[in-house]
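Trainee: I'll drop the sequence and a predicted model, then ask my questions.
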Amino acid sequence: MSNSCDVAIIGAGPYGLSLAAHLRAQGVSFRIFGKPLDTWRNHMPRTMLLKSEGIASSLSAPQPDSRLKDYSAECGLGYADHGLPVALETFNAYASSFLERFVPDLEDTLVTAIARGADDFTLTLETGERVLARSVVLAVGITPFAHTPDVLSALPASALSHSFDHRDAAQFKGREIVVLGAGASAIDTAALLDECGAKVTIVARSQSIRFHTPPDAGDASLLKQLHKPPTGIGPGWRSFFCVNMPLMFHRLPESLRLKATRTHLGPAPGWFMRERIEGRIPSMLGQTLTRAQMHGKRVALEISDTAGALTLGCDHVVAATGFRPNLDRLTYLAPELRERIAAVEKTPILSDNFETSVSGLYFTGPAAANSFGPLMRFMVGAEFAAPRLAAHLQRRLGASYAKRAA
């Protein structure tokens, strides 16, 4: 073993970087592995505007001047807590600055295997290096969990992709593309394809595209805020509960937690996307996809609604069908380790400190949503998760040091 650390963080997105910033400030020995901001830099439409408000689009660090608002002021960029969408380019520049300042020791390499020993975890890196870690935190984001419906399984890779695959879409110029879905990723991808000269059709089960409500001058009124209090994941008392009381959410009965996580805040694009879609891109809504197959070099999609069935032809299908955390996708976890993780709906069951049933193994970010609620699906959730988990690890490691010294 060439190296060891107290904490190994797997993942270099908002949750991993935020946790690293807090651990570093507390003097905890850690190593963090992953492609820095890979999802944001390489897998989101380059023209995208963040759905989250400015006040909810920051990474978390103990320092008070670490937020997007501070970065924007320093760089002379437009910023507002609410009502001014954040461009992906702006967020990526801010996140790169945050990384350089607070997590300069990020290791741009992947972990290929994790096994549990008697007292430590053994990590194998793609470089061949092996690392011992007393605790491991999986902050893997959405990258491993892209979901494509089984009904599309007959299509070859040349005719099918996931929205996660498309930062750019220049290769689809002049081609007929069907985008499946009506959420933010579907609408962002459809707009990108349209701008790149593709002939786009949106097909979705939803009866309508549920764009967010645009900001209104009345939103700041006391009456409006009492009726629908603003939060980092959207207005309303349910969202207020999710954002401000995640530990209470954690204590709800499991069936209620799962239902709330599944149903609250369904797919919805930002309000600012309406003008890029309506009147520009045809949408076939309320449709169920029943079959997909190749017909020569073209794709034939069989879809149906209450009026009947029809076949829709296209050159390529983009499945903007979301992400589903699934422990089985984390193949670098040794099988015997994966089997020891208590799970529900293929996601880890976590303690109120994000620990799995395997001592010393933690999850944060979207994979923790079934334990802590929809907040974990949003970047702003790192403002709760990172300081709480960092403080827990510091206490745990400090107690362990004291025990060893004694």
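Mentor: Cool, the structure landed.
Trainee: element containing A133, please.
Mentor: strand 130-138 (DSSP states H and E).
Trainee: any idea of the mean pLDDT for the following helix or strand past that strand?
Mentor: Downstream of strand 130-138, the first helix or strand assigned by DSSP H and E is strand 160-162. Per-residue pLDDT over strand 160-162 has a mean of 97.
Trainee: re the thing from before, for the strand holding A133, which positions count as buried?
Mentor: For strand 130-138, the neighbour count (16 or more other CB atoms under 10 Å) marks 131-138 as buried. (Glycine included, C-beta is placed from N, CA and C.)
Trainee: Distance to R175 and pLDDT for those residues - can I get that in a markdown table?
Mentor: Output for the buried residues of strand 130-138, formatted as a markdown table (distance: CB to CB, whole Å; pLDDT from 0 to 100):
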| residue | distance to R175 | pLDDT |
| --- | --- | --- |
| V131 | 45 | 96 |
| L132 | 50 | 96 |
| A133 | 47 | 97 |
| R134 | 52 | 96 |
| S135 | 48 | 97 |
| V136 | 44 | 98 |
| V137 | 42 | 98 |
| L138 | 38 | 98 |
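Trainee: sorry, back to before: helices or strands next to the strand holding A133 in the packing?
Mentor: Where contact means 3 or more CB pairs under 8 Å, 6 or more residues apart in numbering; DSSP states H and E, strand 130-138 is packed against strand 3-10, strand 121-125, strand 361-363, helix 382-405.
Trainee: Please, where are all the helices along the stretch 301-406 of the chain?
Mentor: 335-340, 369-372, 382-405 (DSSP state H, counting those that start in this stretch).
Trainee: Can you pull out the low-pLDDT segments for the stretch 251-400 of the chain?
Mentor: 399-400 (pLDDT under 70).
Trainee: re the thing from before, pull the most distant pair out of the buried residues of strand 130-138.
Mentor: Maximum pairwise distance among the buried residues of strand 130-138 (CB to CB): 16.9 Å, between L132 and L138.
Trainee: pull the CA atoms of stretch 227-245 into PDB?
Mentor: What follows is stretch 227-245, C-alpha atoms only, in PDB (Å, rounded to 0.1, in the frame of the first residue of the first chain):
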ATOM      1  CA  HIS A 227     -48.600  31.400   1.300                       C
ATOM      2  CA  LYS A 228     -45.600  30.000  -0.600                       C
ATOM      3  CA  PRO A 229     -42.300  30.600   1.200                       C
ATOM      4  CA  PRO A 230     -39.300  30.700  -1.100                       C
ATOM      5  CA  THR A 231     -36.600  28.000  -0.800                       C
ATOM      6  CA  GLY A 232     -33.600  26.800  -2.700                       C
ATOM      7  CA  ILE A 233     -35.600  24.100  -4.500                       C
ATOM      8  CA  GLY A 234     -38.700  26.100  -5.200                       C
ATOM      9  CA  PRO A 235     -41.600  27.800  -3.300                       C
ATOM     10  CA  GLY A 236     -44.100  26.200  -1.000                       C
ATOM     11  CA  TRP A 237     -44.400  24.700   2.400                       C
ATOM     12  CA  ARG A 238     -43.500  21.200   1.300                       C
ATOM     13  CA  SER A 239     -40.300  22.400  -0.200                       C
ATOM     14  CA  PHE A 240     -39.700  24.600   2.900                       C
ATOM     15  CA  PHE A 241     -39.900  21.400   5.100                       C
ATOM     16  CA  CYS A 242     -37.500  19.500   2.800                       C
ATOM     17  CA  VAL A 243     -34.900  22.300   2.800                       C
ATOM     18  CA  ASN A 244     -35.100  23.400   6.400                       C
ATOM     19  CA  MET A 245     -35.800  20.100   8.200                       C
END
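Trainee: How far off centre is it?
Mentor: 19 Å (CA atoms, centre = their mean, to the nearest Å).
Trainee: what's that stretch in contact with?
Mentor: Residues external to stretch 227-245 that are found in contact with it (CB atoms under 8 Å, 6 or more residues apart in numbering): 52-53, 55-56, 82, 212, 219, 248-249, 260, 264-265, 373-375, 378, 380, 383.
Trainee: got it, and stretch 78-94?
Mentor: 37, 40-41, 44-50, 52-55, 57-58, 68-69, 71-73, 75, 77, 215, 219, 230, 270, 272.
Trainee: Would you mind confirming that S135 is in contact with G360?
Mentor: Yes - with contact defined as CB atoms under 8 Å, S135 and G360 form a contacting pair (4.5 Å).
Trainee: overlap in contacts of those two?
Mentor: By CB under 8 Å, 6+ apart, the residues touching both S135 and G360 are F121.
Trainee: Distance of V111 relative to I9?
Mentor: Using CB to CB, to the nearest Å, one gets 10 Å for the distance from V111 to I9.
Trainee: oh, I was asking about P156
Mentor: Taken as CB to CB, the span from P156 to I9 is 37 Å.
Trainee: Settle it for me: which of those two has more neighbours?
Mentor: I9 (30 against 8; other CB atoms under 10 Å).
Trainee: rewinding a little: report the set of residues contacting both of V111 and I9.
Mentor: F33.
Trainee: so for the helix or strand in which G16 is found, what's the average pLDDT?
Mentor: Element membership for G16, per DSSP H and E: helix 14-25. Computed over helix 14-25, the mean pLDDT rounds to 98.
Trainee: Specify the angle between that helix and helix 382-405 in degrees.
Mentor: 40 degrees (axes from the mean of the first three to the mean of the last three CA atoms, to 10 degrees).
Trainee: elements contacting helix 14-25?
Mentor: Looks like helix 14-25 contacts strand 3-10, strand 30-33, helix 88-102, helix 382-405 (3+ CB pairs under 8 Å, 6+ apart).
Trainee: ok, residues contacting it?
Mentor: 7, 9-10, 30, 32, 34, 36-37, 59-63, 66, 95, 98-99, 102-103, 106, 137, 139, 141, 364-365, 379, 381-383, 385-387, 389-391, 393-394.
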